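> take a look and give me a structure for this.
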Amino acid sequence: MSTSARIRALADKQAIYDQMCRYIQAVDRCDLELLKSTFHHDGSVIFGIFDGNAHDFCDYDIPFIKDNLVWAYHRIANVVIELDGNRATAESYMLGNAAAALPDGNKINCPDNMRYRDVWEKRDGVWRMWKRDLVMDWNACWAYAGRSDGRFADYRVQGTRGREDLTYRMKLIP
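Residues are numbered from 1 along each chain as shown. Below you'll find the model as predicted:
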């Protein structure tokens, strides 16, 4: 492989990885427009709780998160991307953690580990997901024990959903 081909491959893999990170930011900030921007309009999502068009999934997922989770934070890791021209396949591990409010007012903490299996396509020079499948490896729930008292209150800056989050002010999300 020539040097220019290797550089192009690295740039393409980085562009896909950047979109993976945008997806996570969109879900955690409940940013519907940003979430849709990570998918092609004719893309699909198969998540068990949803099987259909990717943009319809976005329209389902953001309200679901807002209605059912107090907060949610996700991380991706172990990203493997295989390029094939303007198409790529990828697997990434996702570790998520969310708090949900129970009807009695108590909260539960719900960590999970999943794997995303994606097909990406580059159209008009932009990489977006064309297909995303979810593999659930494990999940759990227990009583929420978050703290905001004492020393935690002195230094802790709370993340927020929406464009009020510091990440937008820092212009890290378009």
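
> lowest confidence element among the helices and strands of this structure?
helix 150-155 (a mean of 66; mean pLDDT, DSSP states H and E).

> so after that helix, what's the next helix or strand?
Of the helices and strands lying after helix 150-155 in sequence (DSSP states H and E), the nearest is helix 166-169.

> where exactly do the helices run in the protein?
3-29, 32-37, 54-68, 150-155, 166-169 (DSSP state H).

> what does the average pLDDT come to for the third one?
Same thing as helix 54-68. Here helix 54-68 scores 96 as its mean pLDDT.

> just checking, what packs against it?
helix 3-29, helix 32-37, strand 39-46 (3 or more C-beta pairs under 8 Å, 6 or more residues apart in numbering; DSSP states H and E). Where C-beta positions appear, they are placed from N, C-alpha and C, glycine not excepted.

> out of those, the one nearest Asn68 is which?
helix 3-29 (13.0 Å; C-beta to C-beta).

> show me what that closest one is packed up against.
helix 32-37, helix 54-68, strand 71-84, strand 87-101, strand 107-123, strand 126-139, helix 166-169.

> show me which residues of it are buried.
12-13, 15-17, 19-29 (16 or more other C-beta atoms under 10 Å).

> what is the nearest of those to Ile46?
Tyr23 (15.4 Å).

> need the per-residue pLDDT for the most centrally placed residue in the chain.
With distances taken as C-alpha atoms, centre = their mean, the residue of the chain nearest its centroid is Ile24 (2.4 Å). Per-residue pLDDT puts Ile24 at 97.

> that one against Ile76, yeah?
Yes. Assessed by C-beta atoms under 8 Å, Ile24 is found in contact with Ile76 at 6.0 Å.
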